[in-house]
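**Student:** I need the structure of the sequence given here:
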Amino acid sequence: MTSKPPLRRLIDLPGVADLERKAVMKREFAEPEARAEHPEIDACSTALFGLTADEAEAVERPAGWDNIETKPPSAQVFAFEDAGWDVLDDKRRPLRVLGHFSAQLWLAIRGVAGELPFDAKSGEPEAWVSKLEAEAKRFRKR
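**Tutor:** Numbers count the residues shown, from 1 in each chain. Next up is the predicted model:
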């Protein structure tokens, strides 16, 4: 039986939770025009994915691209889950700032442009965990 690895949460990436909090407090912060007034959005995007939303819009899409990033956030949620990403908040609603990051995330997931943030978590147990488990079994047998 194979289990799916846990979904990576967009809100857990550095800086995203702070931007989401600002979008909760000020609805205008979630609008695309907010990037011009709030440089921290582009700074966060560049730090995470290596490109801003404007740069992502300028990237030429490969043939057969489905323009998923232009769909409403609620329509993207299941597609992101299939790709291994959770783009919901703690109340299971799409993040308000998803529009600021969806194009970059899709381009990085599909390997077209940008990069995915480093994931320190691994689905495989490390060698020391396996060794510790084996040692515990031997100890219980004594």
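**Student:** all strands of this structure, in order?
**Tutor:** 8-9, 85-86 (DSSP state E).
**Student:** most packed of those?
**Tutor:** Most buried of the strands of the chain by mean neighbour count (mean count of other Cβ atoms under 10 Å) is strand 85-86; its value is a mean of 18. Heads up, the C-betas are built off the backbone N, CA and C, glycines and all.
**Student:** who are the packing partners of that strand?
**Tutor:** Using 3 or more Cβ pairs under 8 Å, 6 or more residues apart in numbering; DSSP states H and E, the elements in contact with strand 85-86 are strand 8-9.
**Student:** what lies in contact with the strand it packs on?
**Tutor:** Strand 8-9 has contacts (Cβ atoms under 8 Å, 6 or more residues apart in numbering) with 84-86, 119.
**Student:** can you rerun that using 10 Å?
**Tutor:** 16-17, 80, 83-90, 95, 116-117, 119, 121 (Cβ atoms under 10 Å, 6 or more residues apart in numbering).
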